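K.L.:
Requesting a structural model of the entry that follows:
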Amino acid sequence: MSKENTTKLLLTFAIGLVIWFIPAPAGLKPQAMHMIAVFVATIAGFIMAPLPIGALALISVGLAGFLGVMKPAEALSGFGNATIWLIVSAFIFAKGFSKTGLGRRIAYVIMSKIGGNSLFLAYTMAITDVIIAPATPSNTARGGGILFPIIRSLCSAFGSEPGETGKKIGRFLIASCFHVNCVTSSMFVTAVAPNLLCTVLAKQSIGVEITWGSWAVACIVPGILAVILVPLLVYKIETPEIKNTPEAKEIAKQELEAMGPMSTAEKIVACVFVAALAMWATSSITKLNATMIAMVCIGVMLIGHAVEWSDVITEKGAWDTLFWMGGLMSLAGGLNKCGAIKWAAGSIGKSMAGVDGMMALAILCVIYMYSHYLFASMSAHVAAMYAAFAAVAVACGAPAGLTAMCLAVITGIMGSLTHYATGTAPIFFGAGYLSQNEWWKIGFIVSVLTFIIFLGVGPIWWKVLGIW
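P.N.:
Numbers count the residues shown, from 1 in each chain. Just a heads-up that it's a prediction; the model follows:
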């Protein structure tokens, strides 16, 4: 371990120790204070990153059980949560898309139909992103692994490289594809792993249950609106010199010819994916569990050899997520059980006495969104702030259902703010088409639009749905 990481690790432990020995304030038991110490130290570790977050979560869970802050069964309870395994299953779905080439085929098919100009080319990537987002719980895998290579090769095909020629089309395509990727990350529970964490924290902190189907229906209107408007906004900011792109259709056709007809593996993944979406969307009627649906679908892919068992056990993203999210769920459950969340909400709520519930929610949402400038991980941000902010808003009188959804949908769109805000950002920024100042400028402008859409239009739609 480097000297810098050693210092960060020691500082992480020091934070936990300081809080551990602070006398518990009125209304809070010493055990709750110890639980807060472990949790805060864990989040501090996530932010400073002296070790991978999976390793930090495992250490925290082990210490919580070892020190008697939680019973062993409680400390390990998060790893048996069905929500965790839905995300793990979705990672395997994503493996099927990338391994079989189905994700690339979808993009090229759409491009061959509507890729006649630069704006429609951006919409090609946007539509592809929307299609594959429900089964890709990593915007990095989706945006960086499937969409970015296509976009980057197109830029080169049009002679648009980083630097002066980037204005031809590269700057626009890179920015548009990235920011739409942030939008799709907010559209489905399984579009990024932290969304699942939001659903768990919503249930634990304010008693609101958000299912896969209810999230998808809630976000379909603001999500589609944002997918339409974001490329248009980026087009206005970074208007490409190349307007018409008839070559794109030809490139897509050539790529499809090179890929040949759909393989059996692609057909299996496509059919299983459609079936999973249908069953997830109707689970409130059929009462089928979303995680069990996903596992059965993976079984079909394994039987059909669309993915192999070796693919499953080597899918690092799935197992890393299992460790860090399972650990966080255990710790969050401990915080809730010991009364720490309720106490924090009550204490902060008193300081906001007299503030209208809806106004309090609006203020908290703005803070929640733009405090992401301080985070390099959406997961760490959600873990640190979601439950507390939700509890405070509800304590001030905001509707629980509205609060849960407002904070949850911010998870994806806050990734647009900086070049380190989410895993996809360094990949697209690293292409070199935009400077840091330009990236932050576009990110802020887009964030205002998406915030207005999801937190302005969204609640109106959610009222119609009866969410609040």
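
K.L.:
Quick check: buried residues in whichever strand or helix holds residue 113?
P.N.:
Take DSSP states H and E as the rule and residue 113 turns out to sit in helix 102-114. For helix 102-114, burial by neighbour count (16 or more other Cβ atoms under 10 Å) applies to 102, 103, 104, 105, 106, 107, 108, 110, 111, 112, 114. Where you see a C-beta, it was placed from the backbone N, CA and C, and this is true even at glycine.

K.L.:
which pair in these spans the largest distance?
P.N.:
102 and 114 (19.1 Å; Cβ to Cβ).

K.L.:
which residues touch the helix or strand that the helix holding residue 113 is followed by?
P.N.:
Scanning forward in sequence from helix 102-114 by DSSP H and E, the next helix or strand is helix 118-132. Identification of contacts with helix 118-132 by Cβ atoms under 8 Å, 6 or more residues apart in numbering yields 94, 97, 103, 106-107, 110-111, 114-115, 142-143, 146-147, 150-151, 154, 169, 172-173, 176-177, 180-181, 184, 187, 223-224, 227, 230-232, 234-235, 240, 242-245, 248.

K.L.:
Then stretch 253-260?
P.N.:
101, 104, 105, 108, 109, 112.

K.L.:
Now that stretch: average pLDDT?
P.N.:
What stretch 253-260 shows for mean pLDDT is 92.

K.L.:
And it, what's buried?
P.N.:
Here stretch 253-260 shows 255, 256 as buried, counting by 16+ other Cβ under 10 Å.

K.L.:
Using CSV, list the CA coordinates for that stretch.
P.N.:
Presented in CSV, the C-alpha positions along stretch 253-260 are these (Å, rounded to 0.1, in the frame of the first residue of the first chain):
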residue,chain,number,x,y,z
LYS,A,253,-24.5,-1.4,-42.7
GLN,A,254,-20.8,-2.5,-43.2
GLU,A,255,-20.5,-3.3,-39.5
LEU,A,256,-23.7,-5.3,-39.6
GLU,A,257,-22.5,-7.2,-42.6
ALA,A,258,-19.3,-7.9,-40.8
MET,A,259,-21.2,-9.2,-37.8
GLY,A,260,-23.3,-11.5,-40.0
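
K.L.:
quick one: that stretch to chain centroid distance?
P.N.:
A distance of 32 Å separates the centroid of the chain from that of stretch 253-260, by Cα atoms, centre = their mean, to the nearest Å.

K.L.:
so what secondary structure elements neighbour the worst-scoring helix or strand of the chain on mean pLDDT?
P.N.:
Within the chain, no helix or strand scores below helix 340-351, which has a mean of 73 by mean pLDDT, DSSP states H and E. Under the contact criterion of 3 or more Cβ pairs under 8 Å, 6 or more residues apart in numbering; DSSP states H and E, helix 340-351 touches helix 30-48, helix 193-206, helix 378-395.

K.L.:
Now render those as TSV, adding mean pLDDT.
P.N.:
Output for these, formatted as TSV (pLDDT from 0 to 100):
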stretch	mean pLDDT
helix 30-48	90
helix 193-206	90
helix 378-395	88
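
K.L.:
could I get those as CSV with distance to residue 425?
P.N.:
Formatted as CSV, the helices and strands packed on helix 340-351 follow (distance: least, Cβ to Cβ, whole Å):
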stretch, distance to residue 425
helix 30-48, 16
helix 193-206, 15
helix 378-395, 10
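
K.L.:
Including distance to residue 216 and mean neighbour count, could those go into JSON lines?
P.N.:
Formatted as JSON lines, these follow (distance: least, Cβ to Cβ, whole Å; neighbours: other Cβ atoms under 10 Å):
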{"stretch": "helix 30-48", "distance to residue 216": "28", "mean neighbour count": "21"}
{"stretch": "helix 193-206", "distance to residue 216": "11", "mean neighbour count": "24"}
{"stretch": "helix 378-395", "distance to residue 216": "19", "mean neighbour count": "25"}
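
K.L.:
Out of the ones you listed, which is closest to residue 445?
P.N.:
That would be helix 378-395 among these, by Cβ to Cβ, at 20.0 Å.

K.L.:
what helices or strands is the closest one leaning on?
P.N.:
By 3+ Cβ pairs under 8 Å, 6+ apart, helix 378-395 packs against helix 30-48, helix 193-206, helix 316-337, helix 340-351, helix 357-370, helix 400-413.

K.L.:
before we move on, back to that, buried sites along the least confident helix or strand of the chain?
P.N.:
For helix 340-351, by 16+ other Cβ under 10 Å, it's 340, 341, 342, 343, 344, 345, 348, 349.

K.L.:
Please list all residues in contact with the second one.
P.N.:
Put plainly, it is residue 341. So residue 341 contacts 204, 205, 335, 387, 388, 391 (Cβ under 8 Å, 6+ apart).

K.L.:
same check, this time on the fourth one
P.N.:
The contact partners of residue 343, by Cβ under 8 Å, 6+ apart, come to 27, 28, 32.

K.L.:
Ok, residue 217 next?
P.N.:
Per Cβ under 8 Å, 6+ apart, neighbours of residue 217: residue 465.

K.L.:
so it is in which element?
P.N.:
Using DSSP H and E, the element containing residue 217 is helix 212-237.

K.L.:
And that helix, what's buried?
P.N.:
212-219, 221-223, 225-227, 229-231, 233-235, 237.

K.L.:
so after that helix, what's the next helix or strand?
P.N.:
For helix 212-237, the following helix or strand on the C-terminal side (DSSP H and E) is helix 246-259.

K.L.:
quick revisit: tell me the one of the contacts of residue 341 nearest residue 447?
P.N.:
For these, the residue nearest residue 447 by Cβ to Cβ is residue 388; the value is 22.0 Å.

K.L.:
Would you mind measuring from the closest one to residue 63?
P.N.:
For residue 388, the distance to residue 63 equals 22 Å [Cβ to Cβ, to the nearest Å].

K.L.:
buried ones in the helix or strand hosting residue 441?
P.N.:
Assigned by DSSP H and E, residue 441 belongs to helix 436-452. Going by neighbour count (16+ other Cβ under 10 Å), the buried part of helix 436-452 is 439, 440, 442, 443, 445, 446, 447, 449, 450, 451.

K.L.:
Read off the pLDDT value for the residue nearest the centre of the chain.
P.N.:
By Cα atoms, centre = their mean, the chain has its centre lying nearest to residue 192, at 3.1 Å. pLDDT, residue 192: 89.

K.L.:
and what of residue 373?
P.N.:
88.
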